[in-house]
Structure formats: structure tokens, C-alpha cells
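>>> A structural model of the following input is requested.
(chains A and B)
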Protein chains: 2
Amino acid sequence: MKVEEKQFDLEYINKYASQMTIGNGFFGIRGSQEEDYRNQVRGMFAAGVYNRPLGAESAELVNLPDVIRWEIKIDGEHFSLETMKVLAYERALDLEMGELKRYALIETAQGKKVEVITCRVADQNNLHQAALKVVIKPLTEDCQVDVKTGIDGQQTNFGTQQLVEKELRVFGDDLISASYQTTESKIDIGIAAKFNKAGVFQAKNRRITASFSEKIRKNTSFTLEKIIVLSTSLQQTDPFKKSIAQAQKSVSYTEILEQSMSYWTDFWHQHRITIQGDSSFDQLAMDFAAYHLQIMTPRNDPSVSVGAKGLTGEGYKGHVFWDTEIFILPFFLYQFPEVAKNLLLYRYDRLEGARQKARDYHYQGALFPWESAHTGQEETPKFAALNIKTGTRQEVASAAAEHHISADLAYAVQEYVQATEDQSFLETKGKTLIHETAAFWLSRAVKVDDHLEIHRVIGPDEYTEYIDNNAYTNYLAHYNVALAVKYQAGDPLFLKECQNFLDKLYLPVPNKEQLIPQDDTYLSKPVIDLTTYKERPGSQSILLDYARSEVNELQVSKQADLVMLLYLLPEYFSQPIVSKNLHYYENKTIHDSSLSKAIHAIEACRIQEMEWAYHLFQEACLIDLGPDPHSSDDGIHAASLGALWLAVIFGFSGITVTNGTLSISPRLPSAWEKISFPFIWKNHRLLFVLTKKQIVIKKETKETLPIFVNGDQYQLEKELILERRGK
Amino acid sequence: MKVEEKQFDLEYINKYASQMTIGNGFFGIRGSQEEDYRNQVRGMFAAGVYNRPLGAESAELVNLPDVIRWEIKIDGEHFSLETMKVLAYERALDLEMGELKRYALIETAQGKKVEVITCRVADQNNLHQAALKVVIKPLTEDCQVDVKTGIDGQQTNFGTQQLVEKELRVFGDDLISASYQTTESKIDIGIAAKFNKAGVFQAKNRRITASFSEKIRKNTSFTLEKIIVLSTSLQQTDPFKKSIAQAQKSVSYTEILEQSMSYWTDFWHQHRITIQGDSSFDQLAMDFAAYHLQIMTPRNDPSVSVGAKGLTGEGYKGHVFWDTEIFILPFFLYQFPEVAKNLLLYRYDRLEGARQKARDYHYQGALFPWESAHTGQEETPKFAALNIKTGTRQEVASAAAEHHISADLAYAVQEYVQATEDQSFLETKGKTLIHETAAFWLSRAVKVDDHLEIHRVIGPDEYTEYIDNNAYTNYLAHYNVALAVKYQAGDPLFLKECQNFLDKLYLPVPNKEQLIPQDDTYLSKPVIDLTTYKERPGSQSILLDYARSEVNELQVSKQADLVMLLYLLPEYFSQPIVSKNLHYYENKTIHDSSLSKAIHAIEACRIQEMEWAYHLFQEACLIDLGPDPHSSDDGIHAASLGALWLAVIFGFSGITVTNGTLSISPRLPSAWEKISFPFIWKNHRLLFVLTKKQIVIKKETKETLPIFVNGDQYQLEKELILERRGK
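Below you'll find the model as predicted:
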């Protein structure tokens, strides 16, 4: 269970930094190298610490002061993997321990061989804490070691300053601390660092450093530990004092590592998907996904949510999209239902922003922002970056038209309520969310002849803008309003209007070729050969050949759109329809979004095309773990990792949850012998063990639980073992 | 005439960057390496472009977007002097051409030998322009060359963001441009860069880049030229358009280099101090000083002045001190009198700030700010950086007490008027400056018994704070008020008060040991051994052993204080008094300020202690050119370079200008055979040629000019040749 780097390569430095992030849902620290290297982007982020810098249209997830830089000198020579003779090197993020560790054996200019080990781990009990360590051991001769490290508030988001310094302090001879405030959102940040030995301190320009110098004998070790405490005013009053007080009583690196190990051991024991089969890569990809899902998501804080890159990078400015509810929330819903609830509470607490957005566009109810940060206002920039050739800016239509997000939230509320039967949430908050989003759709639809339509939207496919009757949007809106009726969320007059909406809303149905049109005009647009673009998914290379407005007029989808609909509402569509449409739309989809392939994989499972499904799944695994050196530079693809979990659970394992019932009909790819995973359903903790021959379902609770297996209903007591017929 | 670096050494990278700045008084570009290296601080600065960043107490000279970075790849390998095998290297700032040129011969990983030459030059006609060039020549095999360069607005002042992006644009296939605005002072900045070939462009996060790729044949050259245009709204409306328009009609690197050569040839011909003797270093030091004085000072812009580091670094936030008028202005006064006038106009135009500061402290007239930037308000921070151990901040007393600056300005006005006989300036502006500063002193003095004293000031020696009757201050205040009477600058009542001040002000006189007390208590304080501190002048190492408050109670001077008085008002003190006091105070002075040693050298000249004088002078030359790798990291010492010129002219050449008369009595150090220099006096351009045997003075104008040589008056026609007696 390790993400490994076998060789130091500057070209991959930022990809590995994203992959090897340590964290705990409160903060994330990128797996940047300890030293500075050309083009390396450092990063520490804390959930919810956004700031709208001067001159900026949107809030950004703040790149916090750097704490992981070690400037190491050996006999006065700067330690660098680029300039020194490196005799051995390896770096690995150990997912079982939550520790990132680097081993380097170098030879100095004078020919001395020296081992340099650096490691770091995020505290999993005290979420404000992380521990760092450096161990330097001369193997052939004594040497002089100098190490400088500190808290560096000169860190910016690519030159954009987010913080002003309030105070830099030292306490005793082993503790440095720094206090900052975000420039606009006025969040106070306190950071303290405690060392295991006395240092010499210096402070200047928002940076405080501690220096350590020792003469080290051959075959003995210089060991320096640095315990970091990060506090913010989002959680605590006077975070500066809190960080110092916490650091003063901090424990050793080993103690923090041990509890991290214990935490992760428990996590893997309780929540791992285990895959036995030909490919250990599949297991690694799932572990990687679960690890990242876990460290990107706040564990017990309803005031924050998950950004598009988690806490691993500055991509998408750390904003929260529909990604969270549709792609990430299910993992938590079926593993940590309380966390799923918190993610919904984040939205509920920002209803006012959604109501305001609806009012701004002259709609009723709640229209959630396409991109959300701390305030709940729309954070999507109105215009894309200036075209440097023409000097014009293209409108970003997402805020104005990508309205399905409101239905997506209602869908997530229903998923949550269905899986948890949390009536209290439903009554106090869920109904309000459903009511307000339904009210939005009532006002959003337009009357055409005797029915209702939804015009000028963008569906999940962002390559078609301002289209009418996007199937995904119409069906989800219908589902959203139906929920209002189901839960009687509103007064009788409102519910009557809902019923009228449900009766009148146009829902695109399969045409004579059995194709459901993605929107009113999609199927009538020209088809082009997408082969070359599909060879580089995610690169948006089609935009090098076609203007966006031209792409808009082709049968080209950026990502799963109609297929998303098939995925989310499986009960609406028969297998032949799914098959026909999946094949058709796969052919038109470049997968330029990371949210796409895993969903296609699930639908391929559902029509039993297992080789194709497995191929799509493996390609989805490569989005962050593949060979492209820059695909994850600005952070891992959070929703894509969530989608991998969805693919195994709802695709290969064949779980479906509809109308309050749990069904399973597994279809393992030929490469897999066995998979097992836990699944929490209506407060029952289930354990599924699936092989090609057998389905085993275990449960610890007493009450009987009805469950459908391969279409037949069973009453699950403690254990259910079914031998499988055929393959 | 070259400042040379023979070997690439990261330890010296920022010192050379300061030394090797190119510029023209409008902008300065640090001599940073083209590539990024650890701890390298890049910098481009434009005169007067200050900004008070968010959360800051003071305005800062803005570190403008970087334009000199070249990212060079040879066969895909990053060009770096740190990681590549460097077979030959040299870098030199050629003072005769104004060009910084680096030559490197490297061997690639594949064993190819490649020459890489980078050079840059500031335009001396069109002050908005600079030219850069890179020439890459494979000597042994063909190779692939990739070069990326651009305009990088991610540059900050050590993480402090000063600029927001307004627009990034490209025009045609060879021009990139960027528009920024300072965050608080709202100065618009336009930068354009024109290339000599077509590039591929990219823009993101306030940075625009152009990329060039070519396959280069063995023994042929890849040559890329980049002409930079910098415009600001301080001089031009719509600087962005102006920069683009200018770049579009820009000429070649060679043309800009040729006119730079022609400009500097003329400069050296007209303004050089030539020294013949044993030490070529002395000549280099003087050329270095003259070069930097010339590029740090605006040539024709009265709205800006000279910061403490010129335009070579961020030190002292680019603020203007008394350094400018007392140490730098004389060079211009006797070489480019119009520039000297502009420096005074900068102050005149900021009289309102000085009046306001006087009012704030309940004084009359004008109290100029100790540190000045664009507005003319006091920019000195009220408190020093927080003490990281105690959490307290020490008051910075300079703004509150370092009042001699107002008299220094009046002194500079008198120097200007005396040397130029510019009656128009005197009548329209000079008198006002003298009047307002005199009025300040009238209100500043306090009555003690039957006389006036000046209490609680800081003299030039900043190690003694809040002392009474600092001799320097009292004499200069007296001189200031006497100027008001001399020029009748004020109404009769005011002039009567001035006369009363002159009659009553206490002027410290030599005591029975012939010592003039630096202040009322100085001579009664304990004396300590300063040997170890004097070994590291400029390091302020005494503050490691003593608290500032303790130093305050010792006979310890940071810098020339009483000796400054002897220097500025030579006619007030006899040679025996100068001798006694110079010896006494030299013994108490650590020279922790760069303004100090050259002044002591001048006074040593005046008492004919030539070996001592020469030793002090050579030490002063080492302030920027010496072996300390970090002494000039944040910029050259502008006033120190001015002081070197003062030392040669007023020290070794023995020129004095008092009461409207010019005198000379040379005393060359034994190492010098001959010195010659031009000197403009009352609109006459004089040329002095001094040897140990002869004094030659030439003049081109017709009118006779009286001049004192070694105490005897002569009437200078076209030429005066005097044989010297003795040594």
C-alpha cells in the first residue's frame, strides 16, 4: 500500500507532490520535496480557508505558509537531489501509516557518503498537528550538518498574496510561531513549530526560521523533529495562542506516527475495498482513491466541504462543485454517513446565497452556485481569461446556465435520506433543500404549447452551451420536483404546482433509433472523427482545432452527460436503451473531464460488457496515477477518485439503491478473483465478499434486512452465502 | 572598466546582482542570472514607482515584473550553471558599454559542448527601453534549443504583492505585453517585449511567456533578441498602449548597444575621475561609483529622487534619506547641475508633507520626513520589527528626532545656489525651502537660561538617541537660519527672530582637551574597546553584545557625526581642532554605517594624514566591492558611492567651496601618480589634472575665474599650470 517514486525526476515533481499529499481533512500538505527545485509548487491548505485577493473576482483556497522546507547543508554543501551525486533514492507515501518518507544516499563533493532521510505525517487525532523529521547519517566520515527550516509566510498563490503578517515569535529555544491574517476574508491563522532541540532563530519578511548546526560522527545520526500546529479562527478563538499552547505540549514524531498508523490500520480494516486478482494496480488505485477521499474531506465540520482538488493543490481555486455531492458524497454516505450529512449541511447553511443567486436571475427558490467557497455566493468568474490575441474575454456560461447543480443537491439529499433514514435531517433541513430547489425548477421551466420545457441550460457536457431540454437536466429537475411531492415539502398550492410541473415537463424519450437526445439539437449536429482527441483525454486538444463556439455545433461531448443520467436514474431506462445510448454517446465523448470515464465504466457493467467496462475503469485509474507528468500538477482529481469507488461499488459489484431497497448483482471483470468491501445501509454495517462463484454478505446487527441479489429478494440475517450460477 | 565575476558562486549571487545592475535613472534591472537559482533575488525597479501594500506601514519601491528570465533547454536538458558541467564561465558588466554579458561553455549530459552567451543593456536614449539577447552555439554536434522567456508579474517584494494584472496581450507573432497596476498607489505599468523571431505564447497568473524552439546545426548560432519597453503612468498616459507602440517600432539589440556605448563613451569622456598609480582597483572603484551614481539618478525628472539603494534592490524599501542631498547631490552639482536642481525640486514639491510633519509634532515651518517616498509623507516605520523573543517592538526614533535632515536640505540648497548662481531657483524655490526649514529650527529650539538649546535629537550617529545639543545638529541649524538671514528669506519680524536665534543658539566649542562634544553627555559616558566591532564594520555586531539602550550610554558612534560637521563646515574649525577631534572620534566610531569611512578619509586628508586617509578610502571602496558575499544583497550603497566621489574631490584633490569661492590644495596619496577630473563651477567647465609635481587647471570659457590654489588666489584664464613644491 505505497505510492512510490523510484527516481527523482523534476518533470514529475508537481504530480508526485499532489499524489503524495498528507492530511486529515482539516489540512493538506502537498508532497513537495523539502528543498526548492525549479518550478516546484509547494502548498499547504486548510479546509474553508478561502480569501478573495485584491483585484480578484473569486475567492481562492489560500496557499498557507510553507512549513516543510528543510535547507540542509553537509559540510557547507547544499543538499540537493539535482546537484549532488545521488547514490540511492526512493520516496514513498505509505498508505498504511499515512507517512511520506524519502530516503537518499548521497556523496558529497569531498567524497563522503551520507544518508538523508526526511519524513512527515499528519496527526489523525489532533487534526491541527503534523510531524516532520530529518535524519542525517554520515556513513564514511564525520561531517558538519546545518539545517534551516521555519514558517514561511512569503508563500503565495502563484504570486498572489493572501496573508499579511501579524506576529512572528519564538518561545524558549525550541519553538517558533507565526500569526497571519487573510487579506480580505480576515481569517486568522496561527502556526507554531516545536523542535526536539535548541535552535537559533531569525525573522524577516513574514518568514521565521530556526537553524541547527552539529558536527556528526561517522555512523551516528543527526535527528531533527519538527511538530507543526496549525489553527485558524474558523474553528478557534485566538488561533495564534492556541497553536503555541498546543505546540508547547506536543509529543514526539514517533508518537504521532504511531497513532497515525493506528488510525489508518483501523481505516483500512473498516473501509477498504479489497481486490484479489491479476492486477495489483487496481488495488493500489482503489487504496489511493480511498486515502485521498479520506484526507480531502472534513471529518466533523459541517461548515466546510470538498474542493475540486481536495486539499492537494490550487486547481479550480479550491472551489466546491457538483463533484462533491454526486461523485464524492456516496463514499461517505456508505462508509461514514455523518460526514455525508456534514457535506449536505455545508449546502444548507449556504441556502441564502443560493436564494440570492436565484433572485439575481429572476427565478424563485434556490439556485446553488456552480462554484462555491466560504460565503456560498457564486464564485464562477463571469469571464474566462482574456484571449491574449484578441484582447476579448469569453463569457463563462456555467454560472448562468449550469443549473443542474440544484437538482444534483436534491438528488444527494434523497440518497442520504434513503440510506440513513435520518428523519430528523429530512424534516429540519432536507425538506427545505428539496422545496427550495423544486421551487427553482418551477420558475425555471417555460411553457411551450401545452407542456413545459427547460431552455438555455448547460448539462454536464460543457462542450454544448445554452441548449434546450438537456435530458440530464430535465430528468433531474423532474426527479427534484417529484421529491418535493413525495415528501410534501411545501404548502398545498405549491405541491399542486409541483404536480402540474411533473405532468407537463417534457422528458426526452428514445427516438426511433432508441437514442435519447442529449438535448433538442444534439442529434442533428454534424459528427466528426474524435479518434485523435480521444487519445489524449483531459487535454482539451479539440480546442486547438476548433473554437468553442464551433465545438458547440458538433456532436461532441466533453464528458458523460446522457450517460450520467443513465447512471443516476437506472430504474428509468431498460438495458437495451442503456446499451444503445452508451455505445452511441461513448463514440461522441472525448472524456476531457475527469468525471467521465468511470461513469461510462459503470454503465458498461450494467450492460454486461465487462471487458469494455474494465478498460474504461483502468483508464479512469490513470487520470491521477498514469504516466502523464503534468496531469495532476495543481492537485489530484477529487471527483475522479470518488468515481473510481462508484465504479467498483455500483459498477462491478452491481449495487443499486432505489426506492429504499438495496440490490446487488455482481459482474466482476475477468482479471478479478474476489472483491470485498464494507457498506453501511440503514444503520447496518454490511460486508460484501464477492467472487466469481459466490456472493457472501455479512451483517453484525440483529434485525433482518431485505436485500435483492441478482433480482431475487432475500432476508439477510447474520450472513448470506449464495453460490453463483455460470460465470 | 569592467566589474567581473570569474567564477559562478551561489554565495555571491545577490551581491553581483546588485553590482551588475543595468539602468538609466528611469529604471534599474538587477544583474540577476537569467535562470532561477536558490535564494536569488530578482529585481526591476522604476524611479518613483512606490506602493504601500496591504497591511504595511510604509510605501515600498515596487519590484516590477521580471523580464530577464530565460529558461533555456539544450536537447531537453535545462541550462543551469549549478547542474551542468561548466567548462568555462565569465561574466562582466562593461562600464564603457553599459552592457552585462555572460559567457558560458557547457557540456551536456550527452557530451555536447555548447556556448551560451546572454547579454543585456539599458537604452540610454529612450529611457523606457532595454535590450536582451541570448546566443547559443553548439560546438561539437547539432542540438535542439528551447528558450522560454516572458513578462512575469508573479514577482513580489519577498512575497508582498504590489501589482494586480490588468491585461496580458500578444500582437502578431513576436510581441508580448502586460499591463499591471500597483495595488494602493494605483500606478499603471505597461511592459512590452518584442522578439526578433516568431514565438509561441502562453499567459496565466499574471505571467505571459513566449517559447522558441529550433534545431541548431553545429557551429551555427541560435540568436534570440528581446527588446523590453517599460512605461508607467507617472510619466505617460496609457502606459500599456505606449509600451506596445514603442515595442512595435523597436530596433535591434546591436543598435541599442551601439547608442549605449556612445552614451557611456561620452559620459566617461566628460565626467570620469582618472587615477594613475599603483592600484587599478582605485580607478575601478571610482568608475563603479560614477556608473552607479549615473544609473541610480533620474536624469530629467524632478518628480523623483534617489533611494538608499538606487534602483538596484529592495533595501530600505527604496526610500529617500538625507543621503541624497548630502552624499549624492554633490556629484551631480559639479557634473550635471540640472540633475542636482531636480533633486531639490523633488523636495520642494513635497514641502506640504514636511509642513504637515512639523504641525504633527507641534513645530513651525517644514520638518522633512526622515524617509521619503512618492507622497512626501514620513515613511519611517514607527516601530522596528517585533522582537521575536519578547513580543515587543522598539520605537524607531528617527522620524521623531532625526531632525537634522531639514538643515541638510537647506545646506544643499546653498551648495546648489553657490555653485550655479541660479538666482531664479533661489528666488522662486530656494528661499522658500530655506525659510521654511529655518522657521522649523526657530520653533525647535528651547530657551535655557539666557540662551537657546536644541534638545532630544538624533544626530547622524544613530547609536545615540534623544540627546541634547548634538553639535552637528546645532551647527547645521545655525547655518540654516543664517542662510535665511543671508537671503532675507522672510519678513522683517521673522528675520529678527532669526537673528535672535543666531545670537542665542548654543554652539558647542572645543573643551579644554580641544574636543568638541558630540552632544551634552557623550564625553562623560564610558569608553569601551571597539576593536572587535571595528573589524566587521557595517555588521552592527555590537548589538549582539549590548542592547541598543546600553549602546546609547557609551561613547560609541555608529558613524561620522562630529566628523560630518567638520566635513560640511570646514571653515569653522582649525586644523589642530580637526586633528584632535578626528583622532578622538575615529577611535569611538565603529563605521556601522556606509556613510562614514569616506568622510573620515576626507578629514584625514585635510590634516595631511595621507596614509590613514588612503586606508580609510580603500576600506570605503570595499563596502560594495569587497569580499563580504552578502554586504550588497539588497542593493548597492548609494550614498557610500557618492561619498567615494566626495573623498577624491574634497579629500585627495583638496577642493573646497565656501563663501562663493573655489579653492584647491591637492594631497595625493603616495599610491597615486596623477588624477584628473572635470568640475563644473559657476557654469564654467573646469578640468583639473593633478600630479605630485604639478597642478593644471583648464577652462574653455572666456571669462576670468578667480581660484585659490594652496591658499593663493589666481585668475584662471584658459589654463593654469602650477609646479608644486616638495611632495
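
>>> up against chain B, what does the stretch 301-450 of chain A have?
Within the stretch 301-450 of chain A, the positions adjacent to chain B are A:385-386, A:388-389, A:391 by CB under 8 Å from any CB of the partner chain. C-beta coordinates here come from the backbone N, C-alpha and C atoms, glycine included.

>>> pull out the buried positions in stretch A:29-46.
A:29-37, A:41-46 (16 or more other CB atoms under 10 Å in any protein chain shown).

>>> how far is that stretch from where the chain is centred?
Centroid separation for stretch A:29-46 versus its chain: 19 Å, with CA atoms, centre = their mean, to the nearest Å.

>>> dump that stretch to CSV, keeping only the CA atoms.
Taking Å, rounded to 0.1, in the frame of the first residue of the first chain, the C-alpha atoms of stretch A:29-46 are listed here in CSV:
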residue,chain,number,x,y,z
ILE,A,29,0.3,19.4,2.8
ARG,A,30,1.5,18.7,-0.7
GLY,A,31,4.2,16.1,-1.1
SER,A,32,6.6,18.7,-2.3
GLN,A,33,10.3,18.0,-1.9
GLU,A,34,11.9,19.5,1.2
GLU,A,35,14.3,21.6,-0.9
ASP,A,36,13.5,24.2,-3.5
TYR,A,37,13.6,22.9,-7.1
ARG,A,38,12.8,24.7,-10.3
ASN,A,39,9.1,25.0,-10.9
GLN,A,40,8.2,23.1,-7.8
VAL,A,41,4.9,24.4,-6.3
ARG,A,42,4.6,24.0,-2.6
GLY,A,43,1.3,24.0,-0.8
MET,A,44,-0.5,23.7,2.5
PHE,A,45,-4.2,24.2,2.6
ALA,A,46,-6.8,24.2,5.3
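
>>> sorry, back to before: tell me the most packed of the residues of the stretch 301-450 of chain A next to chain B, by neighbour count.
The most crowded member of those, judged by other CB atoms under 10 Å in any protein chain shown, is residue A:388 (19 neighbours).

>>> count the residues that sit near the residue in the stretch 1-150 of chain A positioned nearest to chain B.
Shortest the stretch 1-150 of chain A-to-chain B distance, computed as CB to the nearest CB: residue-wise this is residue A:55, at 3.2 Å. Other residues within reach of residue A:55 by the criterion other CB under 10 Å amount to 15.

>>> per-residue confidence at the residue lying closest to it once chain neighbours are set aside?
Nearest non-adjacent residue to residue A:55, counting by CB to CB, 6 or more residues apart in numbering or on different chains: residue B:164, 3.2 Å away. At residue B:164, the model reports a pLDDT of 95.

>>> is residue B:164 in a helix, a strand, or coil?
Secondary structure, DSSP: H, G, I helix; E, B strand; the rest coil: residue B:164 is strand.

>>> how about the one residue in the stretch 401-550 of chain A that gets nearest to chain B, what does it touch?
Across the stretch 401-550 of chain A, the shortest distance to chain B (CB to the nearest CB) belongs to residue A:544, at 11.8 Å. By CB atoms under 8 Å, 6 or more residues apart in numbering or on different chains, no residues touch residue A:544.

>>> related to what we said a few turns ago, wouldn't the residue nearest to residue A:55 be in contact with residue B:184 here?
No. Residue B:164 is beyond contact range of residue B:184, at 10.5 Å (criterion: CB atoms under 8 Å).

>>> residue A:65 and residue A:182 touch, don't they?
No. Residue A:65 is not in contact with residue A:182 according to CB under 8 Å; the separation is 11.7 Å.

>>> what's the overlap in contacts for these two?
Both residue A:65 and residue A:182 are in contact with A:163, A:189, where contact means CB under 8 Å, 6+ apart.

>>> one step back: inside strands: which ones of the buried residues of stretch A:29-46?
Mapping these onto strands (DSSP state E) picks out A:29, A:44-46.

>>> which non-adjacent residue is nearest residue A:380?
Leaving aside its sequence neighbours, residue A:380 is closest to residue A:399 (3.9 Å, by CB to CB, 6+ apart).

>>> residue A:317 too?
residue A:60 (4.3 Å).

>>> for that neighbour, give me its contacts.
Neighbouring residues of residue A:60 by CB under 8 Å, 6+ apart: A:50-53, A:157, A:160, A:162, A:314, A:317-318.
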